[in-house]
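Engineer: model this:
(one chain, ligands or ions: 2)
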Amino acid sequence: MTKRILITGSNGLLGQKLVELIRQQPGVELIASSRGTNKLAALYPDLHFVPLDVTDRAQVQSVLAAERPTHIVHTAAMTNVDECELNQEPCWLQNVTAVEHLVEACEQLSIHLTHVSTDFIFSGEQGPLSEEAVPGPVNFYGESKLAAERAVQASTAQWAIVRTVLVYGIAHDYGRTNIVLWVRDSLRAGKQINVVDDQFRTPTLAEDLAQGCWLVAKNDAAGIYNISSSELLTPYQMALQVAEYFELDKDLIVKADGSTFSQPAKRPLRTGFIITKAQQHLGYHPHTFEQGIALLAQQTDVS
Ligand SMILES: NC(=O)C1=CN([C@@H]2O[C@H](COP(=O)(O)OP(=O)(O)OC[C@H]3O[C@@H](n4cnc5c(N)ncnc54)[C@H](OP(=O)(O)O)[C@@H]3O)[C@@H](O)[C@H]2O)C=CC1
Ligand SMILES: Cc1cn([C@H]2C[C@H](O)[C@@H](COP(=O)(O)OP(=O)(O)O[C@H]3O[C@@H](C)C(=O)[C@@H](O)[C@H]3O)O2)c(=O)[nH]c1=O
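Structural biologist: Ligands and ions are numbered 1, 2, ... in the order given. Now for the predicted structure:
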(Lines give C-alpha, C1' and ligand atoms only; values in the text may rest on other atoms or scores of the structure.)
(Ligands and ions follow the chains in the order given, each with its own letter.)
Protein backbone atom coordinates (compact mmCIF):
# COMPACT_ATOMS: atom_id res chain seq x y z
CA MET A 1 0.00 0.00 0.00
CA THR A 2 1.37 3.46 -0.89
CA LYS A 3 2.34 5.37 2.22
CA ARG A 4 0.80 8.87 2.48
CA ILE A 5 2.69 10.65 5.24
CA LEU A 6 1.36 13.88 6.77
CA ILE A 7 3.80 16.00 8.79
CA THR A 8 2.46 18.44 11.36
CA GLY A 9 4.58 21.51 12.12
CA SER A 10 6.35 21.26 8.75
CA ASN A 11 7.68 24.84 9.16
CA GLY A 12 9.66 23.85 12.23
CA LEU A 13 13.23 22.56 12.50
CA LEU A 14 12.32 18.86 12.55
CA GLY A 15 9.39 19.44 10.17
CA GLN A 16 11.64 20.96 7.52
CA LYS A 17 14.16 18.11 7.79
CA LEU A 18 11.34 15.58 7.47
CA VAL A 19 10.08 17.31 4.31
CA GLU A 20 13.62 17.32 2.88
CA LEU A 21 14.05 13.59 3.65
CA ILE A 22 10.63 12.13 2.86
CA ARG A 23 10.09 14.03 -0.41
CA GLN A 24 13.01 12.00 -1.81
CA GLN A 25 11.54 8.61 -0.87
CA PRO A 26 10.24 6.66 -3.87
CA GLY A 27 6.62 5.55 -3.70
CA VAL A 28 5.81 7.76 -0.71
CA GLU A 29 3.26 10.60 -0.90
CA LEU A 30 4.05 13.58 1.34
CA ILE A 31 1.61 16.05 2.85
CA ALA A 32 3.25 18.96 4.66
CA SER A 33 1.16 20.96 7.10
CA SER A 34 1.73 23.76 9.54
CA ARG A 35 -0.03 26.61 11.31
CA GLY A 36 1.46 29.44 9.33
CA THR A 37 2.09 29.86 5.59
CA ASN A 38 4.41 27.34 3.96
CA LYS A 39 8.02 28.40 4.60
CA LEU A 40 9.28 25.87 2.06
CA ALA A 41 7.17 27.01 -0.91
CA ALA A 42 10.10 28.67 -2.72
CA LEU A 43 12.48 25.81 -1.95
CA TYR A 44 10.09 23.01 -2.99
CA PRO A 45 7.46 24.45 -5.39
CA ASP A 46 5.97 21.01 -5.92
CA LEU A 47 5.45 20.37 -2.19
CA HIS A 48 1.87 19.45 -1.29
CA PHE A 49 1.12 21.78 1.66
CA VAL A 50 -2.09 22.21 3.62
CA PRO A 51 -2.65 24.74 6.41
CA LEU A 52 -3.41 22.89 9.65
CA ASP A 53 -3.66 24.32 13.16
CA VAL A 54 -3.69 21.13 15.22
CA THR A 55 -5.36 22.86 18.17
CA ASP A 56 -8.50 23.23 16.02
CA ARG A 57 -10.45 19.93 16.23
CA ALA A 58 -12.64 20.75 13.24
CA GLN A 59 -9.56 21.46 11.09
CA VAL A 60 -7.93 18.21 12.21
CA GLN A 61 -11.08 16.26 11.35
CA SER A 62 -11.61 17.93 7.97
CA VAL A 63 -7.97 17.92 6.79
CA LEU A 64 -7.38 14.27 7.74
CA ALA A 65 -10.69 13.18 6.20
CA ALA A 66 -9.78 15.00 2.97
CA GLU A 67 -6.10 14.03 2.78
CA ARG A 68 -6.51 10.47 4.12
CA PRO A 69 -2.89 9.99 5.22
CA THR A 70 -1.80 6.47 6.19
CA HIS A 71 0.78 7.92 8.62
CA ILE A 72 1.21 11.11 10.64
CA VAL A 73 4.52 12.34 12.06
CA HIS A 74 3.47 14.84 14.72
CA THR A 75 6.21 17.40 15.30
CA ALA A 76 4.10 20.50 16.04
CA ALA A 77 4.43 21.81 19.58
CA MET A 78 5.16 24.84 21.71
CA THR A 79 8.86 24.22 22.23
CA ASN A 80 10.12 27.28 24.06
CA VAL A 81 10.47 25.79 27.55
CA ASP A 82 10.57 29.10 29.39
CA GLU A 83 7.58 30.43 27.43
CA CYS A 84 5.68 27.25 28.36
CA GLU A 85 6.45 27.86 32.05
CA LEU A 86 5.16 31.42 31.86
CA ASN A 87 2.19 30.82 29.49
CA GLN A 88 0.79 27.49 30.57
CA GLU A 89 -2.60 27.67 28.85
CA PRO A 90 -1.30 27.98 25.26
CA CYS A 91 1.35 25.40 26.12
CA TRP A 92 -1.29 22.87 27.20
CA LEU A 93 -3.46 23.68 24.18
CA GLN A 94 -0.62 23.15 21.67
CA ASN A 95 1.13 20.26 23.40
CA VAL A 96 -1.77 18.23 24.85
CA THR A 97 -5.20 19.22 23.51
CA ALA A 98 -3.85 19.11 19.95
CA VAL A 99 -2.56 15.57 20.52
CA GLU A 100 -5.99 14.50 21.79
CA HIS A 101 -7.52 15.78 18.53
CA LEU A 102 -4.95 13.87 16.48
CA VAL A 103 -5.37 10.66 18.48
CA GLU A 104 -9.15 10.81 18.01
CA ALA A 105 -8.80 11.21 14.24
CA CYS A 106 -6.10 8.54 13.96
CA GLU A 107 -8.40 6.05 15.74
CA GLN A 108 -11.34 6.95 13.47
CA LEU A 109 -9.30 6.77 10.22
CA SER A 110 -6.82 4.01 11.15
CA ILE A 111 -3.78 6.27 10.78
CA HIS A 112 -0.37 5.26 12.17
CA LEU A 113 0.73 8.05 14.54
CA THR A 114 4.38 8.85 15.26
CA HIS A 115 4.44 11.34 18.15
CA VAL A 116 7.63 13.27 18.94
CA SER A 117 8.47 13.61 22.62
CA THR A 118 11.34 14.73 24.83
CA ASP A 119 13.84 13.97 27.59
CA PHE A 120 12.15 16.76 29.55
CA ILE A 121 9.48 14.31 30.72
CA PHE A 122 12.17 13.03 33.11
CA SER A 123 13.38 14.44 36.43
CA GLY A 124 17.08 14.59 35.55
CA GLU A 125 18.05 12.62 38.67
CA GLN A 126 19.64 9.91 36.57
CA GLY A 127 20.74 9.49 32.97
CA PRO A 128 21.28 8.47 30.29
CA LEU A 129 17.85 6.82 30.08
CA SER A 130 16.36 3.78 28.35
CA GLU A 131 12.81 3.59 26.96
CA GLU A 132 11.74 1.94 30.22
CA ALA A 133 12.76 4.86 32.49
CA VAL A 134 10.08 6.28 34.78
CA PRO A 135 9.05 9.88 33.95
CA GLY A 136 8.94 12.74 36.48
CA PRO A 137 8.94 16.19 34.80
CA VAL A 138 10.39 19.23 36.58
CA ASN A 139 8.86 21.95 34.37
CA PHE A 140 5.51 22.66 32.74
CA TYR A 141 6.72 21.92 29.22
CA GLY A 142 7.78 18.46 30.44
CA GLU A 143 4.41 17.97 32.16
CA SER A 144 2.61 18.85 28.92
CA LYS A 145 4.72 16.47 26.85
CA LEU A 146 4.19 13.66 29.39
CA ALA A 147 0.42 14.22 29.27
CA ALA A 148 0.65 14.04 25.47
CA GLU A 149 2.52 10.73 25.68
CA ARG A 150 -0.17 9.34 27.97
CA ALA A 151 -2.89 10.33 25.50
CA VAL A 152 -0.99 8.58 22.69
CA GLN A 153 -0.28 5.46 24.76
CA ALA A 154 -3.97 5.18 25.70
CA SER A 155 -4.91 5.26 22.02
CA THR A 156 -6.38 2.32 20.11
CA ALA A 157 -4.67 3.60 16.95
CA GLN A 158 -1.27 2.28 15.84
CA TRP A 159 1.22 4.54 17.61
CA ALA A 160 4.90 5.08 18.16
CA ILE A 161 6.64 7.66 20.35
CA VAL A 162 10.02 9.09 19.34
CA ARG A 163 11.84 10.68 22.29
CA THR A 164 14.69 13.07 21.55
CA VAL A 165 16.90 15.67 23.24
CA LEU A 166 18.60 19.01 22.56
CA VAL A 167 18.07 19.17 18.80
CA TYR A 168 20.37 21.32 16.69
CA GLY A 169 20.33 22.19 13.00
CA ILE A 170 19.62 24.85 10.44
CA ALA A 171 16.18 25.61 9.02
CA HIS A 172 14.87 28.11 6.47
CA ASP A 173 13.24 31.34 7.60
CA TYR A 174 13.62 30.11 11.17
CA GLY A 175 13.65 32.29 14.26
CA ARG A 176 15.22 30.04 16.86
CA THR A 177 18.92 29.48 17.42
CA ASN A 178 20.50 26.33 18.80
CA ILE A 179 23.47 25.38 20.92
CA VAL A 180 25.93 25.09 18.00
CA LEU A 181 25.02 28.34 16.22
CA TRP A 182 24.59 30.26 19.48
CA VAL A 183 28.09 29.32 20.68
CA ARG A 184 29.68 29.90 17.25
CA ASP A 185 28.05 33.30 16.72
CA SER A 186 28.73 34.48 20.32
CA LEU A 187 32.43 33.59 20.09
CA ARG A 188 32.76 35.09 16.61
CA ALA A 189 31.35 38.32 18.10
CA GLY A 190 33.92 38.14 20.91
CA LYS A 191 31.14 37.72 23.48
CA GLN A 192 31.80 35.89 26.76
CA ILE A 193 29.20 33.16 27.44
CA ASN A 194 28.37 31.28 30.66
CA VAL A 195 27.69 27.64 29.78
CA VAL A 196 26.47 25.01 32.23
CA ASP A 197 28.60 21.97 32.96
CA ASP A 198 26.08 20.24 35.26
CA GLN A 199 23.44 19.33 32.66
CA PHE A 200 24.03 16.12 30.67
CA ARG A 201 22.49 15.57 27.21
CA THR A 202 22.93 13.42 24.10
CA PRO A 203 22.57 16.26 21.54
CA THR A 204 20.62 15.36 18.40
CA LEU A 205 21.32 16.51 14.85
CA ALA A 206 17.95 17.45 13.30
CA GLU A 207 18.71 15.35 10.22
CA ASP A 208 19.27 12.29 12.44
CA LEU A 209 15.98 12.92 14.25
CA ALA A 210 14.19 13.10 10.90
CA GLN A 211 15.84 9.83 9.86
CA GLY A 212 14.69 8.19 13.09
CA CYS A 213 11.09 9.36 12.59
CA TRP A 214 11.17 8.16 8.97
CA LEU A 215 12.47 4.71 10.01
CA VAL A 216 9.62 4.42 12.54
CA ALA A 217 6.93 5.35 9.98
CA LYS A 218 8.50 3.30 7.19
CA ASN A 219 8.50 0.19 9.40
CA ASP A 220 5.09 0.86 10.98
CA ALA A 221 6.99 0.53 14.24
CA ALA A 222 5.10 0.43 17.53
CA GLY A 223 6.12 1.58 21.00
CA ILE A 224 8.74 4.01 22.32
CA TYR A 225 12.08 4.71 20.60
CA ASN A 226 14.90 6.92 21.85
CA ILE A 227 16.33 8.85 18.91
CA SER A 228 19.38 11.03 19.68
CA SER A 229 23.13 10.79 19.48
CA SER A 230 24.92 8.35 21.77
CA GLU A 231 27.45 10.85 23.13
CA LEU A 232 26.69 12.10 26.65
CA LEU A 233 27.96 15.69 26.83
CA THR A 234 27.39 18.81 28.93
CA PRO A 235 26.61 22.09 27.13
CA TYR A 236 30.02 23.29 28.33
CA GLN A 237 31.73 20.33 26.61
CA MET A 238 29.61 20.98 23.50
CA ALA A 239 30.70 24.63 23.50
CA LEU A 240 34.38 23.64 23.67
CA GLN A 241 33.88 21.31 20.68
CA VAL A 242 32.24 24.12 18.72
CA ALA A 243 35.11 26.51 19.57
CA GLU A 244 37.63 23.84 18.58
CA TYR A 245 35.96 23.16 15.22
CA PHE A 246 35.61 26.83 14.22
CA GLU A 247 39.02 27.75 15.75
CA LEU A 248 37.50 30.30 18.12
CA ASP A 249 38.62 31.59 21.53
CA LYS A 250 37.78 29.01 24.23
CA ASP A 251 38.64 31.53 26.96
CA LEU A 252 35.33 33.26 26.19
CA ILE A 253 33.49 30.13 27.42
CA VAL A 254 32.96 30.43 31.17
CA LYS A 255 31.95 27.25 33.01
CA ALA A 256 28.65 27.67 34.88
CA ASP A 257 26.24 25.53 36.85
CA GLY A 258 22.83 25.80 38.55
CA SER A 259 24.29 28.10 41.21
CA THR A 260 25.47 30.67 38.66
CA PHE A 261 23.08 30.18 35.72
CA SER A 262 19.31 29.96 35.91
CA GLN A 263 16.37 30.14 33.53
CA PRO A 264 12.63 30.72 34.28
CA ALA A 265 11.92 26.99 33.92
CA LYS A 266 13.94 24.38 35.82
CA ARG A 267 15.90 21.99 33.58
CA PRO A 268 16.40 18.30 34.40
CA LEU A 269 20.12 17.88 35.11
CA ARG A 270 21.02 14.40 33.91
CA THR A 271 19.18 13.15 30.83
CA GLY A 272 20.43 11.87 27.51
CA PHE A 273 19.22 8.64 25.94
CA ILE A 274 20.42 5.07 25.45
CA ILE A 275 19.68 4.41 21.77
CA THR A 276 20.47 0.68 21.37
CA LYS A 277 16.79 -0.21 20.73
CA ALA A 278 16.60 2.14 17.72
CA GLN A 279 20.01 1.00 16.50
CA GLN A 280 19.09 -2.69 16.67
CA HIS A 281 15.40 -2.59 15.67
CA LEU A 282 15.43 0.26 13.13
CA GLY A 283 19.00 0.38 11.88
CA TYR A 284 19.31 3.93 13.23
CA HIS A 285 22.87 5.28 13.16
CA PRO A 286 23.36 8.94 14.17
CA HIS A 287 26.20 11.35 13.50
CA THR A 288 28.69 12.22 16.24
CA PHE A 289 28.46 15.75 17.66
CA GLU A 290 31.63 16.72 15.79
CA GLN A 291 30.18 15.38 12.50
CA GLY A 292 27.01 17.34 13.22
CA ILE A 293 28.97 20.55 13.72
CA ALA A 294 30.74 19.94 10.40
CA LEU A 295 27.40 19.43 8.62
CA LEU A 296 26.03 22.71 10.00
CA ALA A 297 29.26 24.46 8.97
CA GLN A 298 28.78 23.22 5.40
CA GLN A 299 25.13 24.33 5.39
CA THR A 300 25.78 27.80 6.82
CA ASP A 301 28.76 28.44 4.58
CA VAL A 302 26.57 27.97 1.50
CA SER A 303 23.27 29.54 2.68
N1 LIG B 1 14.13 21.34 19.70
C2 LIG B 1 14.51 20.50 20.64
O3 LIG B 1 15.59 20.63 21.24
C4 LIG B 1 13.64 19.36 21.00
C5 LIG B 1 12.37 19.18 20.44
N6 LIG B 1 11.60 18.13 20.82
C7 LIG B 1 10.27 17.93 20.23
O8 LIG B 1 10.45 17.79 18.82
C9 LIG B 1 9.33 18.34 18.12
C10 LIG B 1 9.83 19.29 17.06
O11 LIG B 1 10.62 20.26 17.70
P12 LIG B 1 11.27 21.44 16.82
O13 LIG B 1 11.30 21.07 15.40
O14 LIG B 1 12.51 21.86 17.50
O15 LIG B 1 10.16 22.57 17.04
P16 LIG B 1 10.05 23.99 16.34
O17 LIG B 1 9.68 24.95 17.41
O18 LIG B 1 11.21 24.23 15.46
O19 LIG B 1 8.78 23.76 15.38
C20 LIG B 1 7.52 23.50 15.92
C21 LIG B 1 6.55 23.84 14.82
O22 LIG B 1 5.26 23.53 15.30
C23 LIG B 1 4.41 24.52 14.80
N24 LIG B 1 3.21 24.64 15.59
C25 LIG B 1 3.09 25.10 16.85
N26 LIG B 1 1.80 25.07 17.21
C27 LIG B 1 1.10 24.59 16.16
C28 LIG B 1 -0.26 24.33 15.90
N29 LIG B 1 -1.19 24.61 16.82
N30 LIG B 1 -0.61 23.82 14.70
C31 LIG B 1 0.33 23.57 13.76
N32 LIG B 1 1.64 23.80 13.92
C33 LIG B 1 2.01 24.31 15.12
C34 LIG B 1 5.21 25.81 14.86
O35 LIG B 1 4.63 26.70 13.95
P36 LIG B 1 4.97 28.25 14.04
O37 LIG B 1 6.25 28.32 13.26
O38 LIG B 1 3.81 28.91 13.37
O39 LIG B 1 5.15 28.58 15.50
C40 LIG B 1 6.59 25.33 14.45
O41 LIG B 1 6.78 25.47 13.06
C42 LIG B 1 8.45 18.97 19.19
O43 LIG B 1 7.37 18.09 19.48
C44 LIG B 1 9.35 19.10 20.42
O45 LIG B 1 8.62 19.02 21.62
C46 LIG B 1 12.01 17.21 21.75
C47 LIG B 1 13.25 17.34 22.34
C48 LIG B 1 14.15 18.40 21.97
C1 LIG C 1 20.93 30.14 26.74
C2 LIG C 1 21.92 29.29 27.48
C3 LIG C 1 21.77 27.93 27.50
N4 LIG C 1 22.64 27.18 28.19
C5 LIG C 1 22.49 25.73 28.23
C6 LIG C 1 21.25 25.27 29.00
C7 LIG C 1 20.78 24.05 28.24
O8 LIG C 1 21.40 22.88 28.78
C9 LIG C 1 21.31 24.25 26.83
C10 LIG C 1 20.21 24.66 25.89
O11 LIG C 1 19.52 25.71 26.52
P12 LIG C 1 18.18 26.26 25.92
O13 LIG C 1 17.46 26.96 26.98
O14 LIG C 1 18.47 26.93 24.64
O15 LIG C 1 17.44 24.93 25.49
P16 LIG C 1 16.44 24.08 26.37
O17 LIG C 1 15.13 24.80 26.50
O18 LIG C 1 17.07 23.61 27.59
O19 LIG C 1 16.28 22.86 25.33
C20 LIG C 1 15.19 22.01 25.46
O21 LIG C 1 14.30 22.29 24.39
C22 LIG C 1 13.11 21.50 24.50
C23 LIG C 1 12.23 21.78 23.30
C24 LIG C 1 13.38 20.06 24.69
O25 LIG C 1 12.52 19.23 24.39
C26 LIG C 1 14.59 19.62 25.47
O27 LIG C 1 15.04 18.34 25.01
C28 LIG C 1 15.73 20.60 25.35
O29 LIG C 1 16.35 20.47 24.08
O30 LIG C 1 22.29 25.29 26.89
C31 LIG C 1 23.74 27.73 28.87
O32 LIG C 1 24.53 27.01 29.50
N33 LIG C 1 23.91 29.06 28.84
C34 LIG C 1 23.04 29.88 28.18
O35 LIG C 1 23.23 31.11 28.18
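Engineer: Now residue 151: phi and psi?
Structural biologist: Dihedral pair for residue 151: phi -70, psi -40, per degrees, to the nearest 10.
Engineer: Would you confirm that it contacts residue 98?
Structural biologist: No - assessed by Cβ atoms under 8 Å, residue 151 is found out of contact with residue 98, at 9.9 Å. Every C-beta, even on glycine, is put in place using the N, C-alpha and C of the backbone.
Engineer: neighbour-wise, which of those two wins?
Structural biologist: residue 98 (25 against 20; other Cβ atoms under 10 Å).
Engineer: Enumerate every residue touching that one.
Structural biologist: 54-55, 60, 76 (Cβ atoms under 8 Å, 6 or more residues apart in numbering).
Engineer: Between which two of those is the distance greatest?
Structural biologist: Greatest spacing in those, by Cβ to Cβ: 60 and 76 (10.9 Å).
Engineer: who's in contact with the helix or strand of the chain with the lowest mean pLDDT?
Structural biologist: Of all helical and strand segments in the chain, the minimum by mean pLDDT, DSSP states H and E falls on helix 289-302, at a mean of 91. Outside helix 289-302, the residues that touch it by Cβ under 8 Å, 6+ apart are 168-170, 180-181, 203, 205, 207-208, 229, 231, 233, 238, 241-242, 245-246, 287.
Engineer: And stretch 246-263, by the same measure?
Structural biologist: With Cβ under 8 Å, 6+ apart as the test, stretch 246-263 has contacts from 81-82, 183-184, 186-188, 190-198, 236, 239-240, 242-244, 269, 297.
Engineer: ends of it, how far apart?
Structural biologist: Stretch 246-263 has an end-to-end distance of 27 Å (criterion: Cα to Cα, to the nearest Å).
Engineer: Quick one: mean pLDDT for it?
Structural biologist: Taken as a whole, stretch 246-263 carries a mean pLDDT of 96.
Engineer: any bit of it sitting next to ligand 1?
Structural biologist: No - between stretch 246-263 and ligand 1, judged by Cβ under 6 Å from any ligand atom, nothing touches; the nearest distance is 14.0 Å.
Engineer: same check, this time on stretch 108-126
Structural biologist: Yes - using Cβ under 6 Å from any ligand atom, stretch 108-126 reaches ligand 1 at 116, 118.
Engineer: Could you give the number of residues near residue 263?
Structural biologist: Other residues close to residue 263 by other Cβ under 10 Å number 11.
Engineer: gap between it and residue 166?
Structural biologist: Residue 263 is 14 Å from residue 166, where distance means Cβ to Cβ, to the nearest Å.
Engineer: got it, and residue 271?
Structural biologist: Distance check for residue 271 against residue 166: by Cβ to Cβ, it reads 9 Å.
Engineer: more crowded one of those two?
Structural biologist: residue 271 (28 against 21).
Engineer: correct me, but that one touches residue 130?
Structural biologist: No - with contact defined as Cβ under 8 Å, residue 271 and residue 130 do not form a contacting pair (11.9 Å).
Engineer: who in this structure is up against ligand 2?
Structural biologist: Counting by Cβ under 6 Å from any ligand atom, the residues of the chain near ligand 2 are 79, 81, 118-120, 165-166, 179, 193-196, 199, 235, 256, 261, 263, 267.
Engineer: That concludes my questions; thank you for your assistance.
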